[in-house]
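Engineer: Give the three-dimensional model of this entry:
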Amino acid sequence: MNYTVRNAMPEDLDRIEEIYAYAREFMAKTGNPNQWGKTNPPHEWLVDDIEKQLLHVIENETGIHGVFYFYIGEDPTYGEIEDGAWHSTVPYGTIHRIASDGSGGILRTAVEFCKKLSNHIRIDTHHDNVVMHNAVAKLGFVRSGIIHLANGSPRIAYELNL
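Structural biologist: Modelled structure (predicted):
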């Protein structure tokens with residue numbers, strides 16, 4: 001598919017929330033009901049991410065099919081890592097809250113976009129998110145260890161060094 005990536009705009013919020021709802025349902029059906037529960041990410045986060053120009057949408061001529069957050073800089077949740085180590089300490093970009101409407105190629109498109117902005121990318125996911133574990137491995141990410149979110153919830157962290 002031919003996708004483009006752009007900053008999300010306030011007028012995209014309804015579609016973005018539809019995509020996250022689809023992703024939560026998909027995760028629950030594939031054995032990962034707890035990562036985002038029934039409400040994550042909250043509307044307020046999305047509005048804030050849009051204002052900060054950190055939320056991006058992936059679209060083609062038929063509309064928006066994916067969404068993700070990308071930030072370049074230190075991520076507080078990546079400050080400590082257990083059961084492993086970071087493979088590189090150079091500055092990095094972090095992909096969070098990536099979701100699609102079921103269209104293929106969304107993660108690949110997001111990673112290709114992020115690779116243009118940073119040569120070191122980190123991403124993490126819930127232990128039960130087998131679909132994401134397989135997808136990031138196919139794209140060359142290497143498991144680094146376990147990090148903890150601000151609420152203490154563990155996540156398996158990966159990184160990609162170019």
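Engineer: For the helix ranked longest in the chain, buried residues please.
Structural biologist: Counting residues, the longest helix found in the chain (DSSP state H) is helix 13-29. Residues of helix 13-29 classed as buried by neighbour count (16 or more other C-beta atoms under 10 Å): Arg15, Ile16, Ile19, Tyr20, Ala23, Arg24, Met27. Every residue, glycine included, has its C-beta placed from N, CA and C.
Engineer: Quick one: residues contacting the fourth one.
Structural biologist: Tyr20 sits next to Trp36, Asn40, Pro41, Val67, Arg97, Ala99 when contact means C-beta atoms under 8 Å, 6 or more residues apart in numbering.
Engineer: Looking at the residues you listed, which is nearest Val131?
Structural biologist: Ala99 (11.7 Å; C-beta to C-beta).
Engineer: which non-adjacent residue is nearest Ala23?
Structural biologist: Ala99 (3.6 Å; C-beta to C-beta, 6 or more residues apart in numbering).
Engineer: Quick check: pLDDT value at that neighbour.
Structural biologist: Ala99 carries a pLDDT value of 98.
Engineer: hang on, it in a strand?
Structural biologist: Yes: under DSSP: H, G, I helix; E, B strand; the rest coil, Ala99 falls within a strand.
Engineer: My read is that it contacts Glu17, right?
Structural biologist: No: using C-beta atoms under 8 Å, Ala99 is not in contact with Glu17; the gap is 10.2 Å.
Engineer: That'll do, ta.
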